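Enquirer: Got a predicted structure here, sequence first:
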Amino acid sequence: MSAFSKAITVVTLPFRAAWTGFLIVNFLIVAAATLLVGAFVAYWLSLAIAYVILPEVWTEALWSWASGMYAEHTWFKAVTIAAFVLLLLPVLGYWPGRDPLEEAAHEKKIVELNKNLVAVQQQERSR
């Protein structure tokens, strides 16, 4: 190993370590958020299915527990609202970073191109 490659290794090692740490932290954050939303979806499904399958007493107990957690703990309230909003954003047709005006302009451009293409094809057929 030459002195140049040793120097490159010494210089790049802290950056590689920082990048690896950054990736690990992001993985943990994304995994925690995914587990959180998944847990709430599973809980919501269990509450919905409880009406159909479980006895009425059990269903009331589940809803009582959930409403008690919602009333007593701010973190539970915040997480419930956040998970619900994350689930509804795609349904409502909005996602951060999406520009509806730009999409409408793009759609209008596509329609115009299709009209031009149809006109050209009709001209070629009439020849």
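Expert: Everything's here; your move.
Enquirer: Of all the helix elements in this structure, which one is longest?
Expert: helix 3-52 (DSSP state H).
Enquirer: List phi and psi for residue 54.
Expert: phi -80, psi 160 (degrees, to the nearest 10).
Enquirer: Go ahead and flag the most central residue of this structure.
Expert: residue 86 (6.6 Å; Cα atoms, centre = their mean).
Enquirer: Quick check: the closest residue to that residue other than its chain neighbours vs residue 13, distance?
Expert: Excluding the flanking residues, the one nearest residue 86 by Cβ to Cβ, 6 or more residues apart in numbering is residue 37, at 6.0 Å. C-beta here means a position set from N, CA and C on the backbone, and glycine is covered the same way. According to Cβ to Cβ, to the nearest Å, residue 37 stands 37 Å off from residue 13.
Enquirer: Just the mean pLDDT for stretch 66-82, thanks.
Expert: Stretch 66-82 shows a mean pLDDT of 87.
Enquirer: So in the chain, where's the weakest helix or strand by average pLDDT?
Expert: Of all regular secondary-structure elements in the chain, judged by mean pLDDT, DSSP states H and E, the least confident is helix 74-92 with a mean of 80.
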